[in-house]
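[1] my questions concern the predicted model and sequence given below.
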Amino acid sequence: MSALRARLSAILLAACLLFTSQALLTPDRAAAADPGYLMTHFIGEGSNNQQIYFSYSTDGLKWTDLNGGGIALRSTVGTKGVRDPALVRSPDGSKYWIIATDLCISCGQSWSDAINNGSRNLVVWESTDLINWSQPWLLNVAGAIPDGRNAWAPEAIWDPASNDYVLYWATNVPLDGKTKHRIYYARTSDFRTTTTPQTYIERPGTQEIIDTQIVEMPTGVGNYRYVRASGDGQITLEGSNSILGTWTNLGNLSGIGLTGAQVEGPMWMKFRDRNEWALYLDQYSSGRGYMPVRTTNPSASGTYQMPASGSYDMGATKKRHGSILNLTAAEDSRVLARWSDIPAKRLQSYNFQDRYVRHANFDVRIDQNITNLDAQFRLRPGLAGSGTVSFESVNYPGYFLRHANNDFQLVRNDGTTQFAADATFRQVAGLADSTWSSFQSYNHPDRYIRHYAYQLRLDTITSATARGDATFRVTN
């Protein structure tokens, strides 16, 4: 944590809002600071853990959870869970995509279901800035594979030979009645349509392969332009000078005691300041998440070294199969400004102090005994103006409390000026008790957030009862 705290201290400006005793800081990047690394990953089983999470590192080895360790993006399509996310940047940096396995284990789907009759789709998000992301959509990649049973662990790499992306993933096509995952690929330019899938990697006999990730090599390092690491019973290394060309077996990591029975989810990272790479491997068999195995030549299996004790720190949450992006300075500034930690808060009713503001089926009310994420919000700088606040849901990131026709709903930010105004409020001294808070509408300053019959609404305040209804405590 110390590295990130030092970094944030160099890029944070003065507090723009005061929430009770909590200052909310708006970060601004120091021009001289080196950009860091962004990891996208999931953190475990269950509906909340199988979503998109972001983590950040200044050096590629010590990681801090972004967004307070909470969900960054939630899937609302398919199984409503995602694993194995890959973060893809376009060559010109104008677009980004996250592609992920449509899978939610322990939330209505078993491993047997997922292997033998799983989703044939991938889940995709798109962004132009790493900050504002589209609604997710489903991309059917395995439906055209004869007897294809699922679509797992997607990756994509830009192919300069054809000016599009090679999208690749694992699908189970049983052999002689037994499970056999192979890697398939298709071409795409927009992650909305693809060419007909083709077999990309198939191991002999009954041997399976599920996870594989390719890294491009700089000139002068090793004998191949591309190196891929795959989980196929070992962590097998292969090299090629063409993404869809012939690949040469370069050995595996058994020499340092690692096999595919111990680790999975290979994830490459190039250190920014030197010709050294970390191959992050998910220690799934022991339940410990990622660790970095380092090398100065990814194509030479004998150069890989296990990490020394204390040489890395994966942060507060377990990091599971994902990908790492080396950020530019502009990306770094945006990522830290948007996803740096803002603690989750609850809004306690003044005149019903056993009740808190919560969302349920996207409606907003005050309820008793609510301790789950439905009653937790991040008080972000107001979407419409300085000195204001907007309430972002913790378990539905990108969704904010918004008024419409004086009613409140939890609604996804559509980026419009109208949405920003409807979702922005001024925090003022509590109308019933100045030590508490009230929230004045930004675009209807004669009205305040209040509850009425336990429902949240936007109203003018003309009575003592209404003043109590419109008063809240911002609390942990």
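    Structure received.
[2] could you pull out the strands for the stretch 1-150 of the chain?
    Per DSSP state E, counting those that start in this stretch, the stretch 1-150 of the chain carries strands over the ranges 12-19, 22-27, 37-42, 53-57, 63-65, 82-89, 96-102, 121-127, 137-140.
[3] to residue 254, which of those strands lies closest?
    strand 82-89 (23.8 Å; C-beta to C-beta). C-beta coordinates here come from the backbone N, C-alpha and C atoms, glycine included.
[4] export that closest one as CSV, just CAs?
    Extracted in CSV, the C-alpha atoms of strand 82-89 (Å, rounded to 0.1, in the frame of the first residue of the first chain):
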residue,chain,number,x,y,z
VAL,A,82,-17.9,-13.3,-15.5
ARG,A,83,-14.4,-14.8,-15.1
ASP,A,84,-11.1,-14.7,-17.0
PRO,A,85,-11.3,-11.1,-18.2
ALA,A,86,-8.9,-9.8,-20.9
LEU,A,87,-8.4,-6.0,-21.4
VAL,A,88,-7.7,-5.1,-25.0
ARG,A,89,-6.5,-1.7,-26.3
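[5] quickly run through the sheet partners of that strand, with directions.
    When sheet partners are counted by DSSP bridges, strand 82-89 sits next to strand 96-102 (antiparallel).
[6] quick one: the strand it pairs with to chain centroid distance?
    Relative to the chain's own centre, strand 96-102 is displaced by 9 Å; criterion: C-alpha atoms, centre = their mean, to the nearest Å.
[7] roughly how far apart are the residue lying closest to residue 93 once chain neighbours are set aside and residue 41?
    Spatial nearest neighbour of residue 93, chain neighbours left out: residue 328 (7.0 Å); criterion: C-beta to C-beta, 6 or more residues apart in numbering. According to C-beta to C-beta, to the nearest Å, residue 328 stands 21 Å off from residue 41.
[8] do residue 316 as well
    13 Å.
[9] more neighbours: these two, which one.
    More crowded of residue 316 and residue 41, by other C-beta atoms under 10 Å: residue 41, with 30 against 13.
[10] give me the neighbour count for the residue lying closest to that one once chain neighbours are set aside.
    Distances taken as C-beta to C-beta, 6+ apart put residue 322 closest to residue 41, at 3.1 Å, once the chain neighbours are dropped. Neighbours of residue 322 under the rule other C-beta under 10 Å: 26.
[11] number the chain from 26, please
    Yes, from this point I'll number from 26; that puts the last item at residue 347.
[12] which residues does the strand or helix carrying residue 347 contact?
    Using DSSP states H and E, residue 347 sits in strand 345-351. By C-beta atoms under 8 Å, 6 or more residues apart in numbering, the surrounding residues in contact with strand 345-351 are 60, 62-69, 85, 108-112, 114, 178, 180, 236, 238, 289-290, 292-295, 297, 305, 307, 309, 314-315, 356.
[13] switch the cut-off to 7 Å
    Strand 345-351 is contacted by residues 62-69, 108-112, 114, 178, 236, 289-290, 292, 294-295, 297, 307, 314 when judged by C-beta atoms under 7 Å, 6 or more residues apart in numbering.
[14] ditto for stretch 231-238
    Contacts for stretch 231-238 (C-beta under 7 Å, 6+ apart): 177-178, 180, 195, 200, 203-208, 226, 228, 253-258, 289-293, 346.
[15] export it to CSV, keeping only CA atoms.
    Taking C-alpha atoms only, stretch 231-238 is exported to CSV below (Å, rounded to 0.1, in the frame of the first residue of the first chain):
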residue,chain,number,x,y,z
THR,A,231,-7.2,-36.7,-24.6
GLN,A,232,-4.9,-33.9,-23.5
GLU,A,233,-6.8,-30.7,-22.8
ILE,A,234,-5.8,-27.0,-23.1
ILE,A,235,-7.8,-24.2,-21.6
ASP,A,236,-5.7,-21.1,-20.7
THR,A,237,-3.3,-19.5,-23.1
GLN,A,238,-2.0,-15.9,-23.5
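[16] so for it, mean pLDDT?
    Averaged across stretch 231-238, pLDDT comes to 96.
[17] what's the spacing between that stretch and its chain's center?
    The answer for stretch 231-238 is 24 Å, by C-alpha atoms, centre = their mean.
[18] show me which residues of it are buried.
    Neighbour-count burial for stretch 231-238, counted by 16 or more other C-beta atoms under 10 Å, picks out 233-238.
[19] can you check stretch 317-327 too?
    Under 16+ other C-beta under 10 Å, the buried positions of stretch 317-327 are 317-320, 322-326.
[20] again with stretch 325-342
    Buried-residue list, stretch 325-342, by 16+ other C-beta under 10 Å: 325-326, 329, 337, 339-340, 342.
[21] with stretch 256-268 instead?
    Buried-residue list, stretch 256-268, by 16+ other C-beta under 10 Å: 256-257, 259-265, 268.
[22] could the residues you listed go into a markdown table alongside pLDDT?
    Shown next, in a markdown table, are the buried residues of stretch 256-268 (pLDDT from 0 to 100):
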| residue | pLDDT |
| --- | --- |
| 256 | 94 |
| 257 | 94 |
| 259 | 93 |
| 260 | 95 |
| 261 | 96 |
| 262 | 98 |
| 263 | 98 |
| 264 | 98 |
| 265 | 98 |
| 268 | 97 |
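[23] could you dump the residues you listed to a markdown table with distance to residue 166 and secondary structure?
    Shown next, in a markdown table, are these (distance: C-beta to C-beta, whole Å; DSSP: H, G, I helix; E, B strand; the rest coil):
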| residue | distance to residue 166 | secondary structure |
| --- | --- | --- |
| 256 | 19 | strand |
| 257 | 20 | coil |
| 259 | 26 | coil |
| 260 | 25 | strand |
| 261 | 23 | strand |
| 262 | 26 | strand |
| 263 | 22 | strand |
| 264 | 26 | strand |
| 265 | 22 | strand |
| 268 | 17 | coil |
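[24] out of those residues, which one sits closest to residue 124?
    Among these, and counting by C-beta to C-beta, the member closest to residue 124 is residue 268, at 16.5 Å.
[25] contacts only, for that closest one.
    182, 184, 191, 239, 251.
[26] go with 8 Å
    Residue 268 touches 182, 184, 186, 191, 239, 251, counting by C-beta under 8 Å, 6+ apart.
[27] any of the residues you listed buried? List them.
    182, 191, 239, 251.
[28] from these, which ones fall inside strands?
    182, 191, 239, 251 (DSSP state E).
[29] give me the secondary structure label for residue 343.
    coil (DSSP: H, G, I helix; E, B strand; the rest coil).
[30] can you list the low-confidence ranges for the chain?
    26-58 (pLDDT under 70).
[31] residue 126 and residue 162: what is the separation?
    15 Å.
[32] correct me, but residue 415 touches residue 423?
    No - between residue 415 and residue 423 there is no contact, the gap being 11.4 Å when judged by C-beta atoms under 8 Å.
[33] off-centre distance for stretch 126-134?
    17 Å.
[34] sorry, wrong one. I was asking about stretch 223-232.
    30 Å.
[35] ends of that stretch, what's the gap?
    19 Å (C-alpha to C-alpha, to the nearest Å).
[36] now it: buried residues?
    So for stretch 223-232, counting by 16+ other C-beta under 10 Å, buried means 225-228.
[37] same deal with stretch 79-99?
    So stretch 79-99, judged by 16+ other C-beta under 10 Å, has buried residues 79-83, 85-99.
[38] ok, residue 285 - contacts?
    Counting by C-beta under 8 Å, 6+ apart, residue 285 has contacts 256-260.
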